[in-house]
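S.K.: everything below, folded, please.
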Amino acid sequence: MIRAYQPTDVEDIIQVWTKASRLAHPFLDPAFIEQEKYNIRHVYLPNTESWVSVSEERVIGFISMMQNEVGAIFLDPTFHSQGFGKAMMDHVAQQHAILEVEVFKANHIGRAFYDRYGFQFLKEYFHEESGQSMLRLRFSQR
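M.R.: This is a model prediction of the structure:
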């Protein structure tokens, strides 16, 4: 089930993000990870339209949107390859003909997901805060 994010979901979201980030982002500096935890709680969630994926009454993933940009999509790794990530992306794709996302070039898990979904490469740039290369991707239903 996918439902709208509620402020009471924040701790579950932080746990999901932390588990998924450890797997997908082993190249990130621990200080950057800690700053992102703060940002999720105090910057990103209050300023995005977000949904959570729930299984057996437990938040197992979330997706956050800023207009047509996927600001975040994370799933507890225990639930990878079971259709939950695709369901969250399908949920937002129903509302936007075009989706864009930025992903770390070194995030092979995220890049594989976006490739399977049909996102196409737009550009690459250097992300100063993390010291990593980023890819900007676009998905179009047209």
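S.K.: what ranges do the strands span in the chain?
M.R.: Using DSSP state E, the strands assigned to the chain run over residues 2-4, 49-55, 58-66, 69-75, 98-104, 120-127, 132-140.
S.K.: and the second one, what does it pack onto?
M.R.: Using 3 or more CB pairs under 8 Å, 6 or more residues apart in numbering; DSSP states H and E, the elements in contact with strand 49-55 are strand 2-4, strand 58-66, helix 84-93. For every residue, glycine as well, the C-beta is placed using N, CA and C.
S.K.: that strand pairs with which strands, and in what direction?
M.R.: strand 2-4 (antiparallel), strand 58-66 (antiparallel) (DSSP bridges).
S.K.: buried stuff in it?
M.R.: Within strand 49-55, the residues that qualify as buried are Ser50, Trp51, Val52, Ser53, Val54, counting by 16 or more other CB atoms under 10 Å.
S.K.: same question for stretch 66-78.
M.R.: Asn68, Glu69, Val70, Gly71, Ala72, Ile73, Phe74, Leu75, Asp76.
S.K.: which residues does the first one contact?
M.R.: Taking CB atoms under 8 Å, 6 or more residues apart in numbering as the definition of contact, the neighbours of Asn68 are His96, Ile98, Leu99, Glu100.
S.K.: that older thread, in CSV: the buried residues of stretch 66-78, plus pLDDT and distance to Phe104.
M.R.: As requested, those are exported to CSV (pLDDT from 0 to 100; distance: CB to CB, whole Å):
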residue, pLDDT, distance to Phe104
Asn68, 95, 20
Glu69, 96, 16
Val70, 97, 14
Gly71, 94, 14
Ala72, 95, 12
Ile73, 97, 13
Phe74, 97, 13
Leu75, 97, 16
Asp76, 97, 19
